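Novice: what follows is a protein structure lacking sequence information:
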């Protein structure tokens, strides 16, 4: 699961996307989900679609209208820059990797989360993960988790 960010610095945004999509290209057999940030303009969907075409990605979908807990619960790994969804994913046992292309220290906000600055490092970090099966969330657990998370906001 790739969680995007609405960067103020457009240069950082496009370098970030380029590195992440370059990584996604290296894992053609993995299912990939791109999740735009809720504050991103709807026009950014065209940017993601063009990146999918540019990198000739397969096995990819865009998640935009479902509650974030649903794609988090199904994710093998969470890739982002600086997202509260990293914390939510960690609460349900998901590994995360931060992509910090300008080395601004985004990982300082998250304990135990690997930080990388480019697609090569991201691929190495992904390969080094030891994935474990996390239990599927039942509706009751999902509802309780959503309530707890909403109180944190």
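Specialist: Thanks, I have it. Please read all numbers here as calculations on a predicted model, not as lab measurements. Numbers count the residues shown, from 1 in each chain.

Novice: and the strands in the protein?
Specialist: 2-3, 32-35, 60-62, 78-80, 96-99, 114-116 (DSSP state E).

Novice: rebuild those as JSON lines, extending it with distance to residue 70 and mean neighbour count.
Specialist: Glycine gets a C-beta too; all of them are placed from N, C-alpha and C. Formatted as JSON lines, the strands of the chain follow (distance: least, Cβ to Cβ, whole Å; neighbours: other Cβ atoms under 10 Å):
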{"stretch": "strand 2-3", "distance to residue 70": "13", "mean neighbour count": "24"}
{"stretch": "strand 32-35", "distance to residue 70": "10", "mean neighbour count": "22"}
{"stretch": "strand 60-62", "distance to residue 70": "12", "mean neighbour count": "16"}
{"stretch": "strand 78-80", "distance to residue 70": "13", "mean neighbour count": "24"}
{"stretch": "strand 96-99", "distance to residue 70": "17", "mean neighbour count": "24"}
{"stretch": "strand 114-116", "distance to residue 70": "24", "mean neighbour count": "20"}
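
Novice: and the top helix by length along the chain, which residues are buried?
Specialist: When the chain is parsed with DSSP state H, its longest helix is helix 10-25. For helix 10-25, the neighbour count (16 or more other Cβ atoms under 10 Å) marks 12-13, 15-25 as buried.

Novice: same deal with stretch 41-59?
Specialist: Going by neighbour count (16+ other Cβ under 10 Å), the buried part of stretch 41-59 is 44, 47, 48, 51, 52, 55, 57.

Novice: from these, which land in helices?
Specialist: 44, 47, 48, 51, 52.

Novice: now do residue 140, the pLDDT please.
Specialist: The score at residue 140 is 67. That number is its pLDDT.

Novice: could you list the low-pLDDT ranges of this protein?
Specialist: Applying pLDDT under 70 to the chain picks out residues 132-143, 145-146, 149-150, 152-153.

Novice: that older thread, what's the angle between the longest helix of the chain and helix 44-54?
Specialist: 40 degrees (axes from the mean of the first three to the mean of the last three Cα atoms, to 10 degrees).

Novice: check the gap between residue 4 and residue 34 for me.
Specialist: 7 Å (Cβ to Cβ, to the nearest Å).
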